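**Student:** Using only what follows, build the 3D model:
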Amino acid sequence: MTPQADFMVIAPILPGREAELRSLLLTMNRFPGTADPNNPIVPFGQFDTLHFARFVILNDSTLADLEAYGAAFPNAPVYLAFLGDCDGSAEGLLADFAFRAAAGLRQIFAHCEGFDPNGDLLQWMLSHSVKSAAVYVNWIGRTVRQIREEAALHEALTTYLAALSIDDPPQQLRNELRRAVREGGPVLTPPAPTPLAWQVRRLLSFAAAGAAAFVLLLPVLLLSLESALLVYGLIGALVLLALAAFLVQLRRHETTDPVILTPPTDAHLTELGAIQDYDVTNQYSAFGSVKPGLFRRRTTIVVLWLIKLATPILYPRGGLARVKTIHFARWVFFDDKRRVFFASNYDGSAESYMDDFVNKVFFGLNLVFSNGVAYPRTDFLLCGGASREQEFKNFQRRHALPTEVWHKAYPGLTLFDIDRNARIREGLQQDSMTDAEIRQWLSEI
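**Tutor:** You can find the predicted model right below:
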């Protein structure tokens, strides 16, 4: 299995160069906001391990909202961000970019502070790389190559099946299709071995969880039942005291935070809509401030840390809770954790994307985003908030950014298509199937 990685290179844009940079980035597109994979500046289509990539200018138009808190962020940097999701090593992919797209990347980064056009491009990108606070991968280990090969398999099987008689016995049909693939392709690459370093990190994470569980069990192992119950009672009391103190602070903030109900402008909505729906998948980029004060900042840090730990364990194979449309997502801290950037790649329209979350997991939206300035008022972190649907949609649209350049390695394929194609491959390679299983498999084709 080849696990996925993410990269993000950021740098402040030189004063007065933002418009020029944006004009340059837009020349890379085939459609508004959607890259030509063979564009001469950064030919994304040449990088076989790259799932998604984007260039986006992080110019936060909501900074004035901080005034409601008696705070300000004067001279906040406007950043250029270059980010992507890939198979294998992110550092290896950046090295490949530096080798094969050096001229175009130098042309882009020349608009950024501290860039030396004659310097070491890879070293500069690595030194300006930031780590995500949390990431989500829809299916860990599913590579670009696998997705493309399984799509080609589905297309080939559709052609092969059209030449056969559907009235033939199921076993005969399947044997004919397997023979056709053996003789006419496409070739399916076996999964690569899982990198040792990734296995070690995963084992260490499980070991850490096991060690924590062992520590919790120590009173039972070392003490009498009565003493162990006393220790657990004290631990429980301390946890309840800490939780009570947190909830008191939380409610104080929730009931006194300013309510900001500013709607997005028509011009901003038009700008966002202009780059949507050129594929079955869309991108979302958002940028905004964390509510001032240590309490909100620390709460955000803890929440994103928990997401970072939990998502690979709870959702390694498709679906974030009940939401099945997200390919990749990430949260990244900026400016000493004063601001947060969020990016995702999802199937369907922007409206259906938001409705999916509001209707199915609004409490999750509250948990993750309610520490942001202008978020609708929540009750005990989980309630309210996004359930105030119009207020929430105004919040997310105001913080959404028009992504200048966005690349997808497998246009036209949704996660539904990708999952179906994987099942078709599994059925083809399975040693034996019943007639009922074959009929189900044929219906997928």
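
**Student:** and residue 342, that's in a helix?
**Tutor:** No - looking at residue 342 with DSSP: H, G, I helix; E, B strand; the rest coil, it is strand, so not inside a helix.

**Student:** Give the bridge partners for the nearest residue to it once chain neighbours are set aside, please.
**Tutor:** Excluding the flanking residues, the one nearest residue 342 by CB to CB, 6 or more residues apart in numbering is residue 286, at 4.7 Å. Placement of C-beta: from N, CA and C, glycine included. Counting by DSSP bridges, residue 286 is bridged to residue 342, residue 400.

**Student:** go on, residue 329?
**Tutor:** Here residue 329, judged by DSSP bridges, has bridge partners residue 136, residue 344.

**Student:** In contact with the residue nearest to residue 342, which residues?
**Tutor:** Neighbour list for residue 286: 341, 342, 343, 396, 399, 400, 401 [criterion: CB atoms under 8 Å, 6 or more residues apart in numbering].

**Student:** what's the answer for residue 101, then?
**Tutor:** 41, 42, 43.

**Student:** Turn the contacts of residue 286 into JSON lines, including pLDDT.
**Tutor:** Shown next, in JSON lines, are the contacts of residue 286 (pLDDT from 0 to 100):
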{"residue": "341", "pLDDT": "98"}
{"residue": "342", "pLDDT": "98"}
{"residue": "343", "pLDDT": "98"}
{"residue": "396", "pLDDT": "95"}
{"residue": "399", "pLDDT": "97"}
{"residue": "400", "pLDDT": "97"}
{"residue": "401", "pLDDT": "97"}
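
**Student:** Tell me the one of those residues nearest residue 383?
**Tutor:** Taking CB to CB as the measure, residue 383 lies nearest residue 396 of the contacts of residue 286, at 18.3 Å.

**Student:** I figured residue 251 hits residue 380, correct?
**Tutor:** Yes - at 7.1 Å, residue 251 and residue 380 qualify as touching, with contact defined as CB atoms under 8 Å.

**Student:** Please state the offset of the helix or strand of the chain with the lowest mean pLDDT from the chain centre?
**Tutor:** Least confident helix or strand, the chain: helix 196-222 with a mean of 71, by mean pLDDT, DSSP states H and E. Helix 196-222 sits 27 Å away from the centroid of its parent chain (CA atoms, centre = their mean, to the nearest Å).

**Student:** same check, this time on stretch 5-24
**Tutor:** Chain-centre distance of stretch 5-24: 21 Å, with CA atoms, centre = their mean.

**Student:** Same check on stretch 224-239?
**Tutor:** With CA atoms, centre = their mean as the basis, stretch 224-239 stands 41 Å off its chain's centre.

**Student:** same check, this time on stretch 97-111
**Tutor:** 25 Å.

**Student:** buried set for it?
**Tutor:** Within stretch 97-111, the residues scored as buried using 16 or more other CB atoms under 10 Å are 97, 98, 101, 104, 105, 106, 108, 109, 111.

**Student:** Stretch 435-445 now?
**Tutor:** For stretch 435-445, by 16+ other CB under 10 Å, it's 438, 441, 442, 445.

**Student:** Please identify which of those is nearest to residue 18.
**Tutor:** Of those, the one sitting nearest to residue 18 (CB to CB) turns out to be residue 445, at 49.7 Å.

**Student:** isn't that closest one right up against residue 154?
**Tutor:** Yes - here residue 445 reaches residue 154: they are 6.8 Å apart, a contact under CB under 8 Å.

**Student:** Overlap of the contact sets of the two?
**Tutor:** residue 424.

**Student:** Tell me who's in contact with the most centrally placed residue in the chain.
**Tutor:** Nearest to the mean C-alpha position of the chain, by CA atoms, centre = their mean, lies residue 329 at 1.0 Å. For residue 329, the contacting residues are 135, 136, 320, 342, 343, 344, 345, by CB under 8 Å, 6+ apart.

**Student:** what's the third one in contact with, if anything?
**Tutor:** Spelled out, it's residue 320. By CB under 8 Å, 6+ apart, the neighbours of residue 320 are 136, 138, 311, 326, 329.

**Student:** Which one among those residues sits at the bottom for pLDDT?
**Tutor:** The member of those with the lowest pLDDT is residue 311, and it reads 87.

**Student:** tell me the secondary structure for it?
**Tutor:** helix.

**Student:** Wait, it touches residue 138, no?
**Tutor:** No - counting by CB under 8 Å, residue 311 does not reach residue 138; the two are 10.3 Å apart.

**Student:** which of those two has more neighbours?
**Tutor:** With neighbours defined as other CB atoms under 10 Å, residue 311 and residue 138 compare such that residue 138 has more, 24 against 18.

**Student:** Not counting its neighbours along the chain, what's nearest that one?
**Tutor:** Counting by CB to CB, 6+ apart, the residue nearest residue 138 is residue 327, at 5.2 Å.

**Student:** Tell me which helix or strand that neighbour sits in.
**Tutor:** Residue 327 is part of strand 326-334 when elements are defined by DSSP states H and E.

**Student:** Run the chain-centre distance for that strand.
**Tutor:** 4 Å.

**Student:** Stretch 108-127 now?
**Tutor:** Relative to the centre of its chain, stretch 108-127 is centred 26 Å away, using CA atoms, centre = their mean.

**Student:** And for stretch 76-96?
**Tutor:** 13 Å.

**Student:** CA atoms only: put that stretch into CSV for me.
**Tutor:** Provided in CSV are the C-alpha atoms of stretch 76-96 (Å, rounded to 0.1, in the frame of the first residue of the first chain):
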residue,chain,number,x,y,z
ALA,A,76,-1.7,41.1,7.8
PRO,A,77,0.3,39.3,5.1
VAL,A,78,-1.3,38.3,1.8
TYR,A,79,0.1,34.9,1.0
LEU,A,80,0.5,32.8,-2.0
ALA,A,81,-0.2,29.1,-1.2
PHE,A,82,0.9,26.2,-3.4
LEU,A,83,-0.6,22.9,-2.1
GLY,A,84,-1.4,19.4,-3.1
ASP,A,85,-2.2,15.8,-2.2
CYS,A,86,0.0,13.0,-3.5
ASP,A,87,1.0,9.4,-3.2
GLY,A,88,4.2,8.6,-1.4
SER,A,89,6.6,11.3,-0.3
ALA,A,90,5.6,15.0,-0.5
GLU,A,91,9.3,16.0,-0.4
GLY,A,92,9.9,13.7,-3.3
LEU,A,93,7.1,15.3,-5.3
LEU,A,94,8.4,18.8,-4.5
ALA,A,95,11.8,17.7,-5.8
ASP,A,96,10.2,16.5,-9.0
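
**Student:** Cool, thanks, talk later.
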